[in-house]
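Colleague: Need the 3D shape of this:
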Amino acid sequence: MSFPASQFAALETAPQLDLEKVHLNDAGTTLQWDSLDQAVSVEEIIASRFS
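Modeller: Okay, the predicted model is just below:
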């Protein structure tokens, strides 16, 4: 699954290289970007795609 980073203000202006450094946390329920100090839940991503 992919989503546009622009849907999330904290990711919108992040450099592509930082966006690529993502990993799953919390038993696979959260995407985490350590270099950006940001996390987005899979639930938030799904909600934004279907709202």
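
Colleague: For the rest of this, base every contact and every neighbour count on C-alpha atoms.
Modeller: Noted.

Colleague: Now do the helices in this protein.
Modeller: Applying DSSP state H to the chain gives helices spanning 9-12, 16-19, 42-49.

Colleague: I'd like to know which of those helices is closest to residue 1.
Modeller: Across those, the minimum distance to residue 1, taken as CA to CA, is reached by helix 42-49, at 9.6 Å.

Colleague: Against residue 32, how distant is the residue nearest to the spatial centre of the chain?
Modeller: Nearest residue to the geometric centre of the chain (CA atoms, centre = their mean): residue 40, 4.7 Å. Residue 40 is 7 Å from residue 32, where distance means CA to CA, to the nearest Å.

Colleague: Show me how far stretch 16-35 is from its chain's centre.
Modeller: Stretch 16-35 sits 6 Å away from the centroid of its parent chain (CA atoms, centre = their mean, to the nearest Å).

Colleague: Now tell me which helix or strand of this protein has the poorest mean pLDDT.
Modeller: helix 42-49 (a mean of 86; mean pLDDT, DSSP states H and E).

Colleague: Show me what counts as buried in that helix.
Modeller: Neighbour-count burial for helix 42-49, counted by 16 or more other CA atoms under 10 Å, picks out residue 45.

Colleague: low-confidence ranges in the chain?
Modeller: 50-51 (pLDDT under 70).

Colleague: Count the residues that sit near the residue lying closest to residue 31 once chain neighbours are set aside.
Modeller: Distances taken as CA to CA, 6 or more residues apart in numbering place residue 24 nearest to residue 31, at 4.8 Å, with adjacent residues excluded. The tally of other residues near residue 24 (other CA atoms under 10 Å) stands at 15.
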